[in-house]
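Colleague: next one to model:
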Amino acid sequence: FDHKMSLPFKSIPHTLWWAVATITTVGYGELVPETMLGRTFGSMCALTGVVMIALPISVISSTFNAKFKEIQRHRNVKLRIEARNAHLRRWLRDKLLSGEG
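Modeller: Below you'll find the predicted structure:
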C-alpha cells in the first residue's frame, strides 16, 4: 500500500455515503475510486444497485399485468351477461306485447 497516494475517502461515514450513493444508483460522481480494487468494488456496488431495482420492478410489472388481465376478463364477462340479459328482456317484452306470452 502506497501511503503517498491521496485517498478521496476521508472517513468511514464519508466512504459509506459513497457506497450508498453508488448502490442506490444515484452516483453523484464527486468521488471516484482510483485503484483497481476500488474500481472493482465500485463496479460491484453499481451492478448490485441496478439488480436491486430491476428485480422488484419486473415482479411488480408482471403482477400488475396479471391483475389487469383478470380485471379485463371480469369486465368482459359482465358486459356479455348484461348484453344477454338485455336481449332476454327485449324478447320477453316483445312476447308480452304481441300477446303470445
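
Colleague: pLDDT weak spots in this structure?
Modeller: Applying pLDDT under 70 to the chain flags residues 1-6, 24-31, 100-101.

Colleague: centre-most residue in it?
Modeller: Ile57 (2.5 Å; CA atoms, centre = their mean).

Colleague: within the helices and strands, which one has that one?
Modeller: In this assignment (DSSP states H and E), Ile57 forms part of helix 36-98.

Colleague: for that helix, packing partners?
Modeller: Using 3 or more CB pairs under 8 Å, 6 or more residues apart in numbering; DSSP states H and E, the elements in contact with helix 36-98 are helix 12-23. No exception for glycine: its C-beta is placed from N, CA and C like everyone else's.

Colleague: and the angle for the helix it packs on with helix 36-98?
Modeller: 40 degrees (axes from the mean of the first three to the mean of the last three CA atoms, to 10 degrees).

Colleague: next, the buried residues of helix 12-23.
Modeller: For helix 12-23, burial by neighbour count (16 or more other CB atoms under 10 Å) applies to 18, 21-23.

Colleague: can you list those residues in JSON lines and add distance to Thr40?
Modeller: Putting the buried residues of helix 12-23 into JSON lines (distance: CB to CB, whole Å) gives the following:
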{"residue": "Trp18", "distance to Thr40": "15"}
{"residue": "Ala21", "distance to Thr40": "17"}
{"residue": "Thr22", "distance to Thr40": "13"}
{"residue": "Ile23", "distance to Thr40": "15"}
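
Colleague: ok, the residues you listed vs Thr35, which is closest?
Modeller: Trp18 (13.9 Å; CB to CB).
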